[in-house]
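In: Prediction below, plus the sequence it came from.
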Amino acid sequence: MTAADTLPTDVATDDASLRAMCDDLLAEHPPAATEPTAFLGAQFDRGLAWVHFPEGHGGLGLSPKLQKVVNERLGRAGAPRAAGLNPIGHGMGAPTIVTHGSDEQKRRYLRPLFTNEEIWCQLFSEPGAGSDVAGLSTRAVRDGEEWVVNGQKVWTTLAHVARWGMLVARTDPEAPKHKGLTYFVVDMHGPGVEVRPLFQITGEAEFNEVYFTDARIPDAERLGEVGEGWRVSLTTLMNERVAIGGQIPPRGSGFIGELMKVYARTGPHGAAVRDEVMKLWIRAEVLRLTNIRASQLRAQGTPGPEGSIGKLAMAELHKELSSCAVDLLGAEGMLFPAGYPMSRPQTTALWASAPQAFLRSRANSIEGGTTEIMKNILGERVLGLPGDIRVDKDLPWHQVPRS
């Protein structure tokens, strides 16, 4: 008997075991009668948080394909959705910690991250280093067993509610820009860390500016080796694109589901409108199926360029779906029900209403890598096209012209 002959049986056995583990979890912690944090903690302790993570750290050491079994089983039972309140932590923080963190860091951070007791944010972009993250200028200087950090970050989602931040800082200005970086976990409540709101066109400030003034980070909170921050940050960045653009909602849900609600409420419609909505529905389903295939190919660690494909397609599709919904609303689409509240939300709201989604979706083509950057990545890494000319690639960072 060949390995191919035994594979379906092995997978079925894993499926059955996981379903049994999910059923035991649901029996001992009924979602309707269990506080979400307690349920998620029990899910983590059973290795059902991320089944491909190591045992003892929220996983079982299985194939990442099998997480779908857990998500579907628990989702049908009404279990709390872990990632909703902590999208940065779940989508980017956890994969980075499990790939590059020490055993102590994994023990300290992964469980409260999964239960949403500790929210995470990502501190990469700066006023002079957005798409060119490696050009950042925030400095970290070694002082014994600590690092002293000074600089500014911008567009930091949910920094105002975050307990921990993923920070990339320059530790060697004499090295080329990609080689003089180091990656840290920073206490967002620590001295010298200031968070200021950036109000968006929606009237919400889910984005922030973050200022570091002589903020101290213990060397024990470093992820990876000194000077290896770019390599660690690639894990975060590639998982970010998967988290933003690689989601796999049930068929007909998400943005396309919201559009269909507007379509039903504003009908009847003529053939031209039906044709436009149908084309958008097909595109949404193609993206969903593409993301399923990409997730099956994705291994633990740093994803490949498939995350950029999903992110690029999602950004453009979300803008068109929300634009279509506003068009269907007619004059009502010119109104903004929230009234520009100037609030600081506790999580990201992608579709609170069609007008809000229309405004918010513009950020999709910027956050997690601009549409132009995604096209560059796909052109170079998938199509094999010549890369952009990079005259500063081997220069010491301090010699690179900056805006």
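Out: Looks like it came in fine. Numbers count the residues shown, from 1 in each chain.
In: For the rest of this, base every contact and every neighbour count on C-alpha atoms.
Out: OK.
In: ok, which stretches of the stretch 51-200 of the chain are strands?
Out: Counting by DSSP state E, counting those that start in this stretch, the stretch 51-200 of the chain has strands at residues 120-123, 139-143, 146-153, 164-170, 181-187, 193-198.
In: can you give me the helices in the stretch 251-400 of the chain?
Out: Using DSSP state H, counting those that start in this stretch, the helices found in the stretch 251-400 of the chain span residues 254-266, 271-297, 306-329, 354-360, 371-381.
In: Same list (those) but as a markdown table, adding distance to Asn150 and mean pLDDT.
Out: As requested, those are arranged in a markdown table below (distance: least, CA to CA, whole Å; pLDDT from 0 to 100):
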| stretch | distance to Asn150 | mean pLDDT |
| --- | --- | --- |
| helix 254-266 | 40 | 95 |
| helix 271-297 | 38 | 88 |
| helix 306-329 | 31 | 91 |
| helix 354-360 | 31 | 94 |
| helix 371-381 | 28 | 87 |
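In: how's this structure carved up into domains?
Out: Under automatic domain parsing, the residue ranges defining each domain of the chain are 3-114, 120-227, 233-381.
In: First-to-last residue distance for the last one?
Out: Counting by CA to CA, to the nearest Å, you get 18 Å between the two ends of domain 233-381.
In: Residue numbering should commence at 27 henceforth.
Out: Taking 27 as the first residue, the last one we looked at is domain 259-407.
In: distance between that domain and the chain's centre?
Out: 14 Å (CA atoms, centre = their mean, to the nearest Å).
In: cool, the first one as well?
Out: Distance, stretch centre to chain centre, for domain 29-140: 17 Å (CA atoms, centre = their mean).
In: Let me see the mean pLDDT of that domain.
Out: Regarding domain 29-140, the rounded mean pLDDT is 88.
In: which parts of stretch 207-223 are buried?
Out: Along stretch 207-223, the positions that meet the burial threshold by neighbour count (16 or more other CA atoms under 10 Å) are Leu207, Thr208, Tyr209, Phe210, Val211, Val212, Asp213, Met214, Val219, Glu220, Val221, Pro223.
In: Not counting it itself, show me its contacts.
Out: Outside stretch 207-223, the residues that touch it by CA atoms under 8 Å, 6 or more residues apart in numbering are 160, 185-186, 188-198, 231-243, 247-256, 258-259, 370.
In: Could you tell me which of these count as buried?
Out: Taking 16+ other CA under 10 Å as the criterion, what is buried in those is 160, 185-186, 188-198, 231-238, 240-243, 247-250, 252-256, 258-259, 370.
In: before we move on, the earlier item: relative to Glu130, which of the strands of the stretch 77-226 of the chain is closest?
Out: Among these, strand 207-213 comes nearest to Glu130, with 12.9 Å by CA to CA.
In: Rounded mean pLDDT for that closest one, please.
Out: 98.
In: Can you list the strands that it pairs with?
Out: strand 190-196 (antiparallel), strand 248-249 (antiparallel) (DSSP bridges).
In: of all these, which lies closest to Met304?
Out: Sorting those by CA to CA, the top spot, which is the nearest, belongs to strand 190-196 at 40.8 Å.
In: quick check: longest strand of this protein.
Out: The strand spanning the most residues in the chain, taking DSSP state E as the definition, is strand 233-244.
In: Please determine how far His295 is located from Leu354.
Out: When distances are taken as CA to CA, His295 and Leu354 turn out to be 9 Å apart.
In: Looking at the two, which one has more neighbours?
Out: The residue with the greater number of neighbours, taking His295 and Leu354 and applying other CA atoms under 10 Å, is Leu354; the counts read 21 against 11.
In: Contact partners for that one?
Out: Taking CA under 8 Å, 6+ apart as the contact definition, Leu354 lies against Val288, Tyr289, Thr292.
In: 7 Å - rerun?
Out: For Leu354, the residues meeting the contact criterion (CA atoms under 7 Å, 6 or more residues apart in numbering) are Tyr289, Thr292.
In: That one and Trp181, how far apart?
Out: Distance, Leu354 to Trp181, using CA to CA: 32 Å.
In: circling back to that earlier point, who wins for proximity to Ile318 among the strands paired with strand 207-213?
Out: With CA to CA as the criterion, Ile318 lies closest to strand 190-196 of the strands paired with strand 207-213, at 27.8 Å.
In: avg pLDDT for that closest one?
Out: Taken as a whole, strand 190-196 carries a mean pLDDT of 98.
In: And stretch 233-245, by the same measure?
Out: For stretch 233-245, the per-residue pLDDT values average out at 97.
In: Over to stretch 168-186?
Out: Here the average pLDDT along stretch 168-186 is 97.
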